[in-house]
Structure formats: structure tokens, C-alpha cells
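>>> heads up, no residue letters with this:
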């Protein structure tokens, strides 16, 4: 799966597999620090 494609897709059109992929990817620690630094700017 390509992350950029999933982020552009409405949640109501996602399959369960796609939604779980996003949940799993978003729970990784490296992604949390990136989001936190983006909000500080």
C-alpha cells in the first residue's frame, strides 16, 4: 500500500485493511515526533 494514496482517501471509502494499515503506521514512535515538531512551527 502507498501511504500517500491512503492519506488522500476519505476514511468512509477505506477498506478495513487500509484503515488498519494507517492505524499501525501512525502508532510508530518516529511518526509521533515528526508530528510534534510540525505543530511547533
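Yes, it's here. What you see is a predicted model, and the numbers here were worked out from it, not measured in a lab. Residues are numbered from 1 along each chain as shown.

>>> measure residue 26 to residue 11 for me?
According to C-beta to C-beta, to the nearest Å, residue 26 and residue 11 sit 13 Å apart. Where C-beta positions appear, they are placed from N, C-alpha and C, glycine not excepted.

>>> same deal with residue 20?
From residue 20 to residue 11 the distance is 12 Å (C-beta to C-beta).

>>> same check on residue 3?
From residue 3 to residue 11 the distance is 15 Å (C-beta to C-beta).

>>> please apply the same query to residue 21.
Separation of residue 21 from residue 11 (C-beta to C-beta): 12 Å.

>>> likewise for residue 22?
Distance, residue 22 to residue 11, by C-beta to C-beta: 9 Å.

>>> so between those two, which is more surrounded?
Neighbour count, other C-beta atoms under 10 Å: between residue 22 and residue 11, residue 22 has more, with 16 against 9.

>>> quick one: low-confidence ranges for the protein?
For the chain, the stretches flagged by pLDDT under 70 are 1, 27-41.

>>> next, the buried residues of the strand or helix carrying residue 23.
When elements are assigned from DSSP states H and E, residue 23 belongs to helix 16-26. Buried residues in helix 16-26, counted by 16 or more other C-beta atoms under 10 Å: residue 22.

>>> for the remainder of this discussion, apply numbering that starts at 46.
Let's use 46 as the start, then, which means that last one is helix 61-71.

>>> show me what it is packed against.
helix 48-52 (3 or more C-beta pairs under 8 Å, 6 or more residues apart in numbering; DSSP states H and E).

>>> how about residue 60, phi and psi?
phi -80, psi 170 (degrees, to the nearest 10).

>>> now for it, how many residues are close by?
9.

>>> residue 55 now?
Residue 55 has 6 neighbours, counted by other C-beta under 10 Å.

>>> ok, now residue 51?
Using other C-beta under 10 Å, residue 51 has 15 neighbouring residues.

>>> same check, this time on residue 54
14.

>>> correct me if wrong: it contacts residue 66.
No. With contact defined as C-beta atoms under 8 Å, residue 54 does not reach residue 66; the gap is 11.3 Å.

>>> residues contacting residue 52?
If a contact means C-beta atoms under 8 Å, 6 or more residues apart in numbering, then residue 52 has residue 67 as its contacts.
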